[in-house]
Every structure is written in C-alpha cells, then in structure tokens.
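Q: Would you be able to build a 3D model of this:
(one chain, ligands or ions: 1)
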Amino acid sequence: MNLPREEILKELELLPVWKARHASAAKEASVGAVEKTEANVTANIAEMSWEALEAAVKNCHACALANTRTQTVFGVGSPHSEWLFVGEAPGAEEDKRGEPFVGQAGKLLDNMLAAIDLKRGENVCIANVLKCRPPENRDPHGEEVVKCAPFLKRQVELIRPKLIVAMGRFAAQALLNTDDSIGNLRGKLHDYNGVPVVVTYHPAYLLRTLTDKAKAWEDLCFARRVMRGL
Ligand code: URA
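A: Numbers count the residues shown, from 1 in each chain. Predicted coordinates for the structure are as follows:
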C-alpha cells in the first residue's frame with residue numbers, strides 16, 4: 001500500500017505539518033519568544049510574595065551561575081526591616097552556607113552593624129545584587145546582573161526599607177545604574193526606585209585597606225543621621 005505522505009501523517013495524527021519559515025524569520029521569532037519569556041518572568045517576579053520570591057530564587061536557572069553554585073543566597077533578615085544592606089555576590093563560604101556575609105567580610109560587617117545598633121537577623125536585612133556565587137569569585141557579568149536584578153527589585157518592594165546601604169563599587173553601581181566611583185558616590189543621598197541609598201566601602205575592601213575604615217565609619221554615621229531624619 002502506497003499512501004501519499006499527507007495521508008500517512010493524517011493517520012499518525014501528525015497534521016498540521018509545521019513548516020520552517022525562512023531562516024531569518026525563524027530566528028527573529030525565536031529571539032522574540034525568548035524576549036517575551038523573559039518579560040513574563042520579570043512580570044511574574046514583580047507580583048511575588050516573599051515566600052514565592054525565595055522559592056523562585058532557589059529554583060532560578062536564568063543564567064549559567066546556576067550550574068556552578070552549591071546553593072542560592074537569598075538574603076537574611078526580616079522583610080519588615082527598616083535597613084537593607086546590599087553587597088555584591090556570595091563568596092565561597094556564603095555559597096556553602098546559603099547566607100550572605102558569613103565569611104571574614106561578614107564578621108567585619110556584623111561589627112559595623114553593631115556600631116550603629118543593628119544586628120543580623122533582628123533589625124536589618126542583608127542581601128546581594130547576585131544571588132549565586134560567580135566561580136573563583138570573579139566579577140559578576142553584565143548579563144548575570146540583568147537576569148538577577150528583578151529579584152533584588154522585588155525584595156526592595158516587599159521590604160520597603162527606609163534606607164539602603166550599598167556596600168562597595170559593584171553594588172553601588174548596579175543599584176544606582178552608574179559607573180561613577182565610590183569616592184564620588186559616598187557622602188551623598190541617592191535613590192533606588194524611591195528608596196534613599198547611602199554608599200560605603202565593601203567590608204572585604206576594608207579588610208585589605210584598613211586606612212579607609214575611618215571613612216566607612218563616617219558613611220555609617222551619615223546613614224544613621226539620614227535614617228533619623230526620615
Ligand atoms: N561579599 C559580598 O558582596 N556578599 C557576600 O555575601 C559575601 C561577600
């Protein structure tokens with residue numbers, strides 16, 4: 001029996017046949033589909049509760065860091081905190097323990113917090129721009145920041161902190177969408193989606209550059225003054 005191709009496909013319930021369009025049109029369509037999917041993901045994140053957001057971070061595979069991380073690092077602290085401290089990305093220790101700033105830099109951060117009457121897990125939230133560790137602690141890539149940004153944005157919307165303290169050049173530049181230097185950004189009040197932002201040095205930098213600890217102390221005093229005036 002020699003059935004025509006259409007008949008065979010019909011018998012196998014494989015109709016209608018999807019024909020590849022012109023290669024460039026097909027590519028355009030797939031790029032469009034990816035953009036649409038990314039827009040959908042961002043829109044979904046923008047509606048999430050704290051718990052849903054934490055689960056979404058845990059299951060995120062939006063960039064290649066998902067392949068090398070041990071676990072994601074969502075952040076620590078109550079979503080009702082008035083203070084939000086933001087760093088760059090988890091390091092080796094954070095990747096192992098699933099909590100931000102638990103290594104050497106974290107010890108210094110805890111001391112800095114104590115100096116202005118803040119305590120991890122009590123009255124301050126700590127998070128990073130990236131939720132996964134870049135391998136070998138390399139600098140985050142632009143694409144990773146873009147993919148991860150909706151998570152921090154939603155964290156800020158849900159926490160609605162009175163003040164954000166951006167720690168280090170990377171966090172400051174990512175939050176404020178600038179390539180200005182830490183030196184220029186310190187000592188001024190900035191804005192992230194309606195939330196005041198103060199910039200200071202990253203604790204890991206302060207461990208290497210003890211002479212700038214006094215400047216970090218000035219930044220914390222400035223942040224406390226701003227907070228009291230809010
Ligand atoms: N450095 C960061 O920026 N974040 C961490 O969580 C740890 C080290």
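Q: Please count neighbours and contacts with C-alpha atoms only from this point.
A: Fine.
Q: after the host helix or strand of Ala39, next one along is what?
A: Using DSSP states H and E, Ala39 sits within helix 23-45. Proceeding N to C from helix 23-45, the next assigned helix or strand is helix 50-58, under DSSP H and E.
Q: Restrict that next one to CA atoms and write it as CSV.
A: What follows is helix 50-58, C-alpha atoms only, in CSV (Å, rounded to 0.1, in the frame of the first residue of the first chain):
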residue,chain,number,x,y,z
TRP,A,50,8.3,37.0,50.0
GLU,A,51,8.0,33.2,50.2
ALA,A,52,7.3,32.8,46.5
LEU,A,53,10.3,35.0,45.7
GLU,A,54,12.6,33.0,47.9
ALA,A,55,11.4,29.8,46.2
ALA,A,56,11.9,31.4,42.7
VAL,A,57,15.5,32.4,43.6
LYS,A,58,16.1,28.8,44.8
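Q: name the helices or strands packed onto it?
A: helix 142-159 (3 or more C-alpha pairs under 8 Å, 6 or more residues apart in numbering; DSSP states H and E).
Q: in the helix it packs on, what's buried?
A: For helix 142-159, burial by neighbour count (16 or more other C-alpha atoms under 10 Å) applies to 144-145, 147-159.
Q: What of stretch 170-186?
A: 170-176, 182, 185-186.
Q: spatially speaking, which residue is in the middle of the protein?
A: What sits nearest the mean C-alpha location of the chain, by C-alpha atoms, centre = their mean, is Val129, with 3.2 Å.
Q: ok, the closest residue to that one other than its chain neighbours - contacts?
A: The shortest distance from Val129 to any non-neighbouring residue, by C-alpha to C-alpha, 6 or more residues apart in numbering, is to Glu88 (5.2 Å). Under the criterion of C-alpha atoms under 8 Å, 6 or more residues apart in numbering, the neighbours of Glu88 are 128-130, 167-168, 170-171.
Q: Might you enumerate the residues of the chain proximal to the ligand?
A: Proximity of the chain to the ligand, by C-alpha under 6 Å from any ligand atom, involves residues 87-91, 94, 100-101, 128.
Q: that older thread, out of the buried residues of stretch 170-186, give me the two with the largest separation.
A: Across the buried residues of stretch 170-186, the longest distance by C-alpha to C-alpha is 14.8 Å; it joins Ala174 and Arg186.
Q: Lovely, talk soon.
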